[in-house]
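K.L.:
Here you go, sequence then predicted model.
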Amino acid sequence: MTASKEFPGAVQEVLTTGKLEIICGPMFSGKSEELIRRLRRAIIAKQRVMTFKHALDNRFSFDCVASHTGDKIDAQAIDTPERILEFVKKGGVDVIGIDEVQFFANSVVYVIDELVHSGKRVIAAGLDLDFKGIPFGPMPTLLTLADEVMKLKAICAICGKDAPFSQRLIDGKPAKYTDPIILIGAQESYQARCRTCYTIEQVPPAIQKFSWLQ
Ligand code: ADP
Ligand code: ZN
């Protein structure tokens with residue numbers, strides 16, 4: 001603890017060891033809202049914040065992270081996680097925010113590990129499960145490495161209960177497990193759903209669904 005330059009008379013906690021915070025849950029569960037809230041508090045505390053999102057996620061804007069409520073924070077859109085290290089190495093960053101972290105290549109795990117070991121606070125938000133209900137990309141590893149995990153729920157679009165799943169709809173009907181990720185010409189949408197209302201056909205037996213565990 002040291003005296004703060006920004007807030008004379010106050011004592012400011014100086015981050016000497018890094019920290020990883022993961023915010024996860026289905027679509028519409030408030031992950032971006034929570035990420036923006038934490039980053040904004042860090043900015044109020046005069047910490048130097050830099051926010052990143054995958055260039056794929058151009059949901060609302062190319063240069064900001066936006067929640068479904070319209071709340072926004074400036075962000076760099078990048079295509080590879082290594083770009084985060086390039087930005088941070090230019091200096092002057094204490095806190096790194098990453099939205100939609102599940103979209104990044106698995107090497108995002110190495111990048112985040114390096115950032116945390118160099119004393120940075122990393123706050124990353126992402127989908128823990130894909131539309132098939134299986135762990136999304138690097139998320140399982142990040143969840144186990146995290147110092148803190150917040151698992152959020154949305155509201156089921158059908159019955160109003162807590163919703164841990166992201167229901168994929170193709171032309172208004174539940175997608176099948178075997179449907180390709182990219183469907184040309186189809187109208188695709190997502191809803192938050194509870195365990196009862198989440199619908200998916202052609203799910204293989206668990207031994208195939210979790211084949212990487214064998
Ligand atoms: P995420 O990043 O998890 O997709 P956002 O932070 O972008 O979520 O948006 C969360 C907001 O979305 C909620 O505060 C609420 O206003 C709105 N919302 C819309 N549909 C739902 C839903 N089914 N369940 C919960 N919130 C919803
Ligand atoms: Zn439901």
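P.N.:
Perfect, I can see it now. Ligands and ions are numbered 1, 2, ... in the order given.

K.L.:
Return the list of strands paired to the strand or helix carrying residue 190, each annotated with direction.
P.N.:
Residue 190 belongs to strand 188-193 when assigned by DSSP states H and E. Partners of strand 188-193 in the sheet, by DSSP bridges, are strand 165-170 (antiparallel).

K.L.:
wait, does the partner strand contact ligand 1?
P.N.:
No - judged by C-beta under 6 Å from any ligand atom, strand 165-170 stays clear of ligand 1, getting no closer than 8.8 Å. Every C-beta, even on glycine, is put in place using the N, C-alpha and C of the backbone.

K.L.:
What's the mean pLDDT across that strand?
P.N.:
The pLDDT scores in strand 165-170 average 97.

K.L.:
Give me the buried positions along that strand.
P.N.:
The neighbour-count check on strand 165-170 (16 or more other C-beta atoms under 10 Å) flags 165-169 as buried.

K.L.:
before we move on, what about stretch 184-200?
P.N.:
Under the neighbour-count criterion of 16+ other C-beta under 10 Å, stretch 184-200 has 191-194, 197-198, 200 buried.

K.L.:
Repeat that for stretch 124-144.
P.N.:
Neighbour-count burial for stretch 124-144, counted by 16+ other C-beta under 10 Å, picks out 124-129, 131-133, 135-139, 142-143.

K.L.:
Ok, stretch 22-42 next?
P.N.:
Those would be 22-36, 38-39, 42, for stretch 22-42 by 16+ other C-beta under 10 Å.

K.L.:
Stretch 151-167 too?
P.N.:
Of the residues in stretch 151-167, those buried (16+ other C-beta under 10 Å) are 152-154, 156-158, 163-167.

K.L.:
okay, the residues you listed in TSV with distance to ligand 2 next?
P.N.:
Shown next, in TSV, are the buried residues of stretch 151-167 (distance: C-beta to the ion, whole Å):
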residue	distance to ligand 2
152	16
153	11
154	11
156	3
157	8
158	4
163	7
164	11
165	9
166	13
167	10
